[in-house]
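Colleague: just a sequence and a predicted model for now, questions to come.
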Amino acid sequence: MKLLLQSVFAASVVFAVNSAPISDAYAQTMPDGFTELTKRLSPAVVNISTAQNIEVSDIVPQFKEGSPLEGFNDFFNRDNNRGRVSKSLGSGFVIDASGYIVTNNHVIEGADVIEVIFPNEETYDAKLLGRDPSTDLALLKIESDEDFPFVDFGDSTTLEVGEWVMAIGNPFGYGGSVSAGIVSAQNRRINHGNYDDFIQTDVAINKGNSGGPMFNMDGDVIGVNTAIISPSGGSVGISFSIPSDLAQSVVKQLRDFGETRRASIGIRVQEVDKNLAKSYKLDEPKGAIITSVVSGKPAEDGGLKVGDLITKVGNIDVPSDRDLFRIIAETQIGKAVNITVIRKRKEKVVSVTPERLKEKVTKDNLHGDKPDPDQASQDVMGISIEALSDAVRREHKIKSETKGVRVTEVSTKSAAAGKLKEGDIIEQVSFEDITSPKEFEDAIAAAEENDQTVAFLVNRGGNYVLYSFETS
């Protein structure tokens, strides 16, 4: 089963459910069609084409003009001046007459050239104003002397399961494709990061729909198509969209600042299940339990402790752990906020002053940080490990709060053979936290120098195991 970052979009209708027969008075009738909505909305939905210049190895030859083998340059997709060009296609939508366009970050990530193509084939070069890998959103800008057609964001908080929705996008390069369906579920978590809160629909969404809009029956954008679940790469009727209330907040920051500006307090948390709720004397699960407080960060300075169950930030209730980071992110940076916790079964209020979260992508660094040599994979003691990059986390569904390195292979001659397994996350070496392959290597080297045994704290699917090994 694959989770593919290729947009989802659908259409929906609300049906009342109770023990009595459903009458027409309580059920919303199925739309007669989507013709009028399509005519009105399609002009503002665009195709997005990107290109990336890639360094080509000398192993792949560049044949001279006039050579009988010149045609192979096209086969290798070579550009005589810049090397091979990689192209991708996605979708987007205009949100302002002056030419602001929303799409997915993964559609434009790494692109050197971004083109926007309207349904009437008009094409514009787009400027990347800002992008946010955490929510997979990006904001583009195109210029013209005339106004562009645009669509408005709607209120996704009013969306209901069973409601009709409609998608317009560019699946497999077929621009202007319309599909419709219903909202299948809300508040879905797909292990995409701290801000997981997706709308699930049953619309036929495929590669190229990414970044396209999901409309309600009023013609408002209530979601941005982002991902599908698929065993084959094609649509199987399970797709996910970023809710418009989250998208609007991110887009506004990208438009105003060219980057996101989120607050952070430096904690890791876990969800509250029914059993844990009882132990905290709660009638039902809510809030988030602190599992780690980062040293020197606002949470520690404010007196938050491991085991505290956060129920409220300011005057905002915390329904679950997935809501907490979004709520904190939207608090004012540098201004104290009261955080209500349950500690030892008693309610307590502590004051914490959030700091600005360090983002990987800023307005001055739209392509993100350069690869860190300290994050490069290592092979130590016959144990091959890799950094927990965004790509590794997505591929192996590793939560963003998990820190450490991932085991990729264990030599049969290693002291760890038969103990460590591929996929294990090593979080500590000799009881010290590690966050990179370089830190892992340095910790092993320190143990060898002191002729010590080395202890690994291993996270195996959420369960912890402690192993000890001789370093020589």
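Modeller: That came through, no problem.

Colleague: wait, what's in contact with residue 307?
Modeller: For residue 307, the contacting residues are 289, 290, 343, by C-beta atoms under 8 Å, 6 or more residues apart in numbering. Any C-beta I mention is one placed from the backbone N, CA and C, and that applies to glycine too.

Colleague: so the second one sits against residue 269, correct?
Modeller: Read that as residue 290. Yes: using C-beta atoms under 8 Å, residue 290 is in contact with residue 269, at 5.6 Å.

Colleague: name the residues contacting each of those two.
Modeller: Taking C-beta under 8 Å, 6+ apart as the contact rule, residue 290 and residue 269 both touch residue 310.

Colleague: so where do the helices sit in the stretch 351-472 of the chain?
Modeller: Remark: helices assigned in the stretch 351-472 of the chain by DSSP state H, counting those that start in this stretch are 390-396, 437-449.

Colleague: now those helices in CSV, with mean pLDDT?
Modeller: Formatted as CSV, these follow (pLDDT from 0 to 100):
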stretch, mean pLDDT
helix 390-396, 80
helix 437-449, 84
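
Colleague: any idea which of those helices is most buried?
Modeller: Comparing the helices of the stretch 351-472 of the chain by mean neighbour count (mean count of other C-beta atoms under 10 Å), helix 437-449 ranks first with a mean of 18.

Colleague: helices and strands around that one, which ones?
Modeller: With contacts taken as 3 or more C-beta pairs under 8 Å, 6 or more residues apart in numbering; DSSP states H and E, helix 437-449 sits against strand 378-380, strand 383-387, strand 425-429, strand 453-460.

Colleague: got a list of contacts for that helix?
Modeller: With contact meaning C-beta under 8 Å, 6+ apart, helix 437-449 is reached by 373-378, 380-381, 385-387, 405, 426, 429-430, 432, 434, 453-454, 471-472.

Colleague: between it and strand 453-460, how many degrees?
Modeller: Interaxial angle, helix 437-449 versus strand 453-460 (axes from the mean of the first three to the mean of the last three C-alpha atoms, to 10 degrees): 150 degrees.

Colleague: export helix 437-449 as CSV, just CAs?
Modeller: Presented in CSV, the C-alpha positions along helix 437-449 are these (Å, rounded to 0.1, in the frame of the first residue of the first chain):
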residue,chain,number,x,y,z
PRO,A,437,24.6,9.7,11.8
LYS,A,438,27.6,11.9,12.7
GLU,A,439,26.6,12.0,16.4
PHE,A,440,26.1,8.2,16.3
GLU,A,441,29.6,7.7,14.9
ASP,A,442,31.1,10.2,17.4
ALA,A,443,29.4,8.4,20.3
ILE,A,444,30.7,5.0,19.2
ALA,A,445,34.2,6.5,18.8
ALA,A,446,34.1,7.9,22.3
ALA,A,447,33.1,4.6,23.8
GLU,A,448,35.9,2.8,21.9
GLU,A,449,38.5,5.3,23.0
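
Colleague: residue ranges of the strands in the stretch 101-250 of the chain, please?
Modeller: Ranges of strands in the stretch 101-250 of the chain, per DSSP state E, counting those that start in this stretch, are 113-117, 123-125, 127-132, 137-141, 164-169, 177-188, 198-201, 213-215, 221-230, 239-243.

Colleague: next one: the stretch 301-450 of the chain
Modeller: Using DSSP E, counting those that start in this stretch, strands in the stretch 301-450 of the chain cover 309-313, 316-317, 337-343, 346-352, 355-356, 378-380, 383-387, 405-410, 425-429, 432-433.

Colleague: of all these, which one is nearest residue 203?
Modeller: Residue 203 lies closest to strand 316-317 among the strands of the stretch 301-450 of the chain, at 31.9 Å (C-beta to C-beta).

Colleague: ok, the closest one: who's next to it in the sheet?
Modeller: Strand 316-317 pairs in its sheet with strand 309-313 (antiparallel), by DSSP bridges.

Colleague: pLDDT on the partner strand, on average?
Modeller: Mean per-residue pLDDT for strand 309-313: 96.

Colleague: any chance you could list what contacts it?
Modeller: 269, 272, 280, 282, 286-290, 317-318, 324, 327-328, 331, 337-343, 347.

Colleague: just the angle between that strand and strand 346-352, please?
Modeller: Orientation note: strand 309-313 sits at an angle of 60 degrees relative to strand 346-352 (the same axes, to 10 degrees).

Colleague: just the helices in the stretch 1-150 of the chain please.
Modeller: Taking DSSP H, counting those that start in this stretch to define them, one finds helices in the stretch 1-150 of the chain at 35-41, 71-75, 105-108.

Colleague: next, the buried residues of the longest one.
Modeller: Residues of helix 35-41 classed as buried under the neighbour-count rule (16 or more other C-beta atoms under 10 Å) are 37, 38, 41.

Colleague: again with stretch 354-362
Modeller: 354, 357, 359, 361, 362.

Colleague: reformat those as CSV; add distance to residue 225.
Modeller: Below are the buried residues of stretch 354-362 laid out as CSV (distance: C-beta to C-beta, whole Å):
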residue, distance to residue 225
354, 32
357, 26
359, 24
361, 21
362, 26
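
Colleague: which residues sit in contact with the residue lying closest to residue 139 once chain neighbours are set aside?
Modeller: Of all residues beyond its chain neighbours, the one nearest residue 139 is residue 254 (4.2 Å), with distances taken as C-beta to C-beta, 6 or more residues apart in numbering. Contact analysis of residue 254 by C-beta under 8 Å, 6+ apart lists 129, 130, 131, 132, 137, 138, 139, 260.

Colleague: surely residue 254 forms part of a helix?
Modeller: Yes: under DSSP: H, G, I helix; E, B strand; the rest coil, residue 254 sits within a helix.

Colleague: what does the pLDDT read for it?
Modeller: Per-residue pLDDT puts residue 254 at 96.

Colleague: and it, how far is that from residue 103?
Modeller: Distance of residue 254 to residue 103, computed by C-beta to C-beta, to the nearest Å: 11 Å.

Colleague: residues bridging contact with these two, i.e. touching both?
Modeller: Common contacts of residue 254 and residue 103 (C-beta under 8 Å, 6+ apart): 137, 138.

Colleague: tell me the one of the contacts of residue 254 nearest residue 145?
Modeller: residue 129 (19.9 Å).

Colleague: now do the same contact list for the closest residue in space to the closest one that isn't next to it in sequence.
Modeller: The spatial neighbour of residue 129 that comes closest, neighbours along the chain excluded (C-beta to C-beta, 6+ apart), is residue 139 at 4.6 Å. Contacts for residue 139 (C-beta under 8 Å, 6+ apart) come out as 100, 101, 102, 128, 129, 130, 131, 251, 254, 255.
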